[in-house]
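Undergrad: build me a structure from this.
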Amino acid sequence: SKEFAAPIDDRCRARIHVQEMRENIVDESHFHFIHGQSEPPVQDWRTDGPFAEARGRISRRVLGRVVDNTFDAFMYGPGVMVVRTHGPLLSVTAVALSTPVDDSTSELRMLYYLRKPAGLPFLTPLAKLVFRREALGEVREEVAIWDHKIHQARPVLLPHEKGIKALRRWYAQFY
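TA: From the prediction side, this is the model:
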């Protein structure tokens, strides 16, 4: 589509199960520590067989400005997720493909499609540069955490972290 720039293609491997990669989108607490969210996002969660959907808002500082974005994440089975983020400065569609490599390692391939700034398409390279610096740095922080994470079958969760239990119930159908 002419509205979107050519994708930013990013791949990484982590010592994590693909299910836990998916749990990341409903792990409300990490939005504060990794993504600079001032408080946990309120999320809506809905499932329909192998399809699941999480919707919410992310408010954070980018280059000194508070940016309020909405996001929706559509999960198609255990390894495909499409996350759309809409905001005043930037709208991105991310395709996340998670593939198990072996019993303890997974590969994450992300394709980020940035919407070209309305009426200012010449700013697209700058938008991609800022996105690479901000977002891909955060992905590397997450990978470093995943590499040292220990899976807990029954984690101790805060009251706002009910999304993790809900996702685990949904994900169980794929085993």
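
Undergrad: burial count for residue 17?
TA: 19 (other C-beta atoms under 10 Å). Any C-beta I mention is one placed from the backbone N, CA and C, and that applies to glycine too.

Undergrad: what's the pLDDT at it?
TA: Residue 17 is assigned 88 on the pLDDT scale.

Undergrad: next, it: phi, psi?
TA: Dihedral pair for residue 17: phi -80, psi 150, per degrees, to the nearest 10.

Undergrad: would you confirm that it contacts residue 106?
TA: Yes - applying C-beta atoms under 8 Å, one finds residue 17 in contact with residue 106, separated by 6.4 Å.

Undergrad: between the two, what contacts are shared?
TA: Counting by C-beta atoms under 8 Å, 6 or more residues apart in numbering, the contacts common to residue 17 and residue 106 are residue 100.

Undergrad: how much space between the residue nearest to the spatial centre of the chain and residue 80?
TA: Central residue check for the chain by C-alpha atoms, centre = their mean: the C-alpha nearest the mean position is that of residue 25, 5.1 Å away. Distance from residue 25 to residue 80, counting by C-beta to C-beta, to the nearest Å: 13 Å.
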